[in-house]
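*Asks:* Return a 3D structure for these sequence lines:
(chains A and B)
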Amino acid sequence: MKTLLMTISRDLKVAYRNPADVINPLVFFVIVISLFPLGISPSADVLVGIAPGVIWVAALLSCLLSFELMFRSDYEDGSLEQMTFGSGPFILVIMGKIVSHWIMTGLPLALLSPLLGMMLFVPPPGLTALMLSLLLATPTLSLLGSVGAGLTVGLRKGGVLVAILVLPLFVPVLILATAMVQTGIQGGDYTGHMLWLGALLAIATGISPLATSAAVRISLSH
Amino acid sequence: MWNWFHKLGAPRSFFEISGRLLPWTGVIAVLLLVTGAVWGLAFAPPDYQQGNSARIMYVHVPASILAQSSYLMMAGAAVVFMVWRMKLADIAIQCAAPIGASITFLALVTGAIWGKPTWGTWWVWDARLTSTLVQLFLFIGVIALRSAMENRESAGRAVSVLVLVGVVNIPVIKYSVDWWFTLHQSSSFSMTEKPAMPFSMWMPLLIMVLGYYAFFFTVWMMRIRSEILVRESRTRWVQEWVAGR
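*Replies:* Purely as a prediction, here's the structure:
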């Protein structure tokens, strides 16, 4: 537990000293979403229809931008290797890194989403669904993305590769989350979608940290 | 049993055993595919609703079945490689990925061709089609990760981790049909239950499925054999074998 909390507070401190790494993906998120009304149509009917998908795809992409930061700098200055020799179990270090990644990307995305939803004319019940879906499903993105980040941290051109490895795994999350927001916009009951997203989160919590710690060890071995 | 397992895992003995098996599986694959194709395309009765266009089923259904199970076989090899660090399993993963990707692509293309006369469109964003497309992306990811890593040993381990994570997608493929309202007909071919289609259609389909599997194993073995020769090219037995040709 101590290892976990120490890793989280350390990573958050590092991010606080270098806030551009956290803010840039968020700015990207906002800019991408504001391009859609310009590119498609400013009419409210069209925008409400595409809003769940647009916001969610933008969230996936801005998460992708930040996976690179999860292990990269620690790998380059050698501190990641030191962490594998630490007193606590390495998997807790990985867990801590995933949690702090979520605090830095998923959480701000979720907090920002009602604003962007309003820009796309999403009605209030839809905004609640949008925020809940992001709160519930972005941890899954951080968990799944950590596997891709761990596998590619040793490679010079990891960026595009992470996208190819990880985006297919995001598909179930994307489908369920957008279906949930659609239901919310239509004023329906989306408890079932939330249960599914929770199930995906539970599965990812069980599997991903194991896979990521194996992946990071592999990346460190060469 | 374990002795036999370890013996098969050694590249050299696999090379020898597969060399003896290869002509047989090749002949079986050709026989099954020719029989199944001629029976299915020329003699089996046309579908009462879809007419002759349903005959593409004899190409499409086996491809879809094999596309899913080739990923599972790759995952099996990944488990073997993670647990026993068996070099042959890594070679097997490397060689299965391109074949699996091509078969998945074939399933998508034949599905599109079948969709045009029956649904009136080449492509629909339906659960099953989408999950097959995602599976194609997973195969491509496996190939891309390996080609990006220079160190062969760690590439093998990294790829097996990725394959095992991706295997989570297989149940999603299976259950996605039930998750969403879908245009795709649910699977009507099963080995264990009483078939929902008449014998005259079910039998050629079974022969085609078996033929696809025999074809897959033949090509897989051929690829594994040539990869063994590449990786073991410095050993004496490979040099002697090549010199003897």
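
*Asks:* Just list what the longest helix anywhere in chain A packs against, helices and strands only.
*Replies:* Secondary structure of chain A read by DSSP state H shows that its longest helix is helix A:44-76. Applying 3 or more CB pairs under 8 Å, 6 or more residues apart in numbering or on different chains; DSSP states H and E, we find helix A:44-76 packed against helix A:20-39, helix A:79-84, helix A:90-104, helix A:106-119, helix A:124-152, helix A:159-185, helix A:191-220. Yep, even glycine has a C-beta here, placed from its N, CA and C like the rest.

*Asks:* Give me the residues contacting the shortest one.
*Replies:* Contact partners of helix A:79-84, identified using CB atoms under 8 Å, 6 or more residues apart in numbering or on different chains, comprise A:7, A:71, A:74-75, A:90, A:93, A:153, A:216-217, A:220.

*Asks:* Buried among these? Make that a ChimeraX selection.
*Replies:* In ChimeraX, this line selects whichever of the contacts of helix A:79-84 come out buried by 16 or more other CB atoms under 10 Å in any protein chain shown:
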select /A:7,71,74,75,90,93,153,216,217,220
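
*Asks:* What's the local residue count around residue 35?
*Replies:* Because you didn't say which chain, this covers chain A. Around residue A:35 there are 12 other residues, counting by other CB atoms under 10 Å in any protein chain shown.

*Asks:* that's the wrong chain, I wanted chain B
*Replies:* Neighbours around residue B:35, by other CB under 10 Å: 15.

*Asks:* Could you do residue B:85 as well?
*Replies:* Per other CB under 10 Å, the neighbour tally for residue B:85 reads 13.

*Asks:* What are the neighbouring residues in contact with the nearest residue to residue B:149 once chain neighbours are set aside?
*Replies:* Once flanking residues are discounted, residue B:149 sits nearest to residue B:155: 3.7 Å by CB to CB, 6 or more residues apart in numbering or on different chains. Each residue near residue B:155 by CB under 8 Å, 6+ apart is listed here: B:145-146, B:149.

*Asks:* list the contacts for residue 163?
*Replies:* This is for chain A. residue A:64.

*Asks:* try again with chain B
*Replies:* Residue B:163 touches B:71, B:74-75, B:78, B:93, B:142, counting by CB under 8 Å, 6+ apart.

*Asks:* so which of those would you say is closest to chain A?
*Replies:* residue B:142 (8.7 Å; CB to the nearest CB).

*Asks:* hang on, residue B:150 is in a strand, isn't it?
*Replies:* No - Residue B:150 sits outside any strand when classified using DSSP: H, G, I helix; E, B strand; the rest coil, being coil.

*Asks:* What's the local residue count around it?
*Replies:* Neighbours around residue B:150, by other CB under 10 Å: 10.

*Asks:* Quickly find the element holding the spatially most central residue of chain B.
*Replies:* By CA atoms, centre = their mean, the mean C-alpha position of chain B lies nearest to residue B:70, the distance being 3.4 Å. Assigned by DSSP states H and E, residue B:70 belongs to helix B:57-84.

*Asks:* and whatever helix or strand comes next after that helix with chain A, contact?
*Replies:* Next along the chain after helix B:57-84, taking DSSP H and E as the criterion, comes helix B:87-119. No - applying CB under 8 Å from any CB of the partner chain, one finds helix B:87-119 separated from chain A by no less than 12.1 Å.

*Asks:* and helix B:87-119, how far from the chain's centre?
*Replies:* Offset of helix B:87-119 from its chain centre (CA atoms, centre = their mean, to the nearest Å): 7 Å.

*Asks:* before we move on, what about stretch A:212-222?
*Replies:* 21 Å.

*Asks:* where does chain A dip in pLDDT?
*Replies:* Along chain A, no part satisfies pLDDT under 70.

*Asks:* most distant residue from the middle of it?
*Replies:* The centre of chain A is farthest from one residue, residue A:43, which by CA atoms, centre = their mean lies 29.6 Å away.

*Asks:* separation between that one and residue B:66?
*Replies:* In this view, residue A:43 and residue B:66 are 47 Å apart by CB to CB, to the nearest Å.

*Asks:* Buried residues, the longest helix of chain A. List them.
*Replies:* Residues of helix A:44-76 classed as buried: A:47-48, A:50-52, A:54-60, A:62-72, A:74-75 (neighbour count, 16+ other CB under 10 Å).

*Asks:* Can you check what angle separates that helix from helix A:90-104?
*Replies:* 140 degrees (axes from the mean of the first three to the mean of the last three CA atoms, to 10 degrees).
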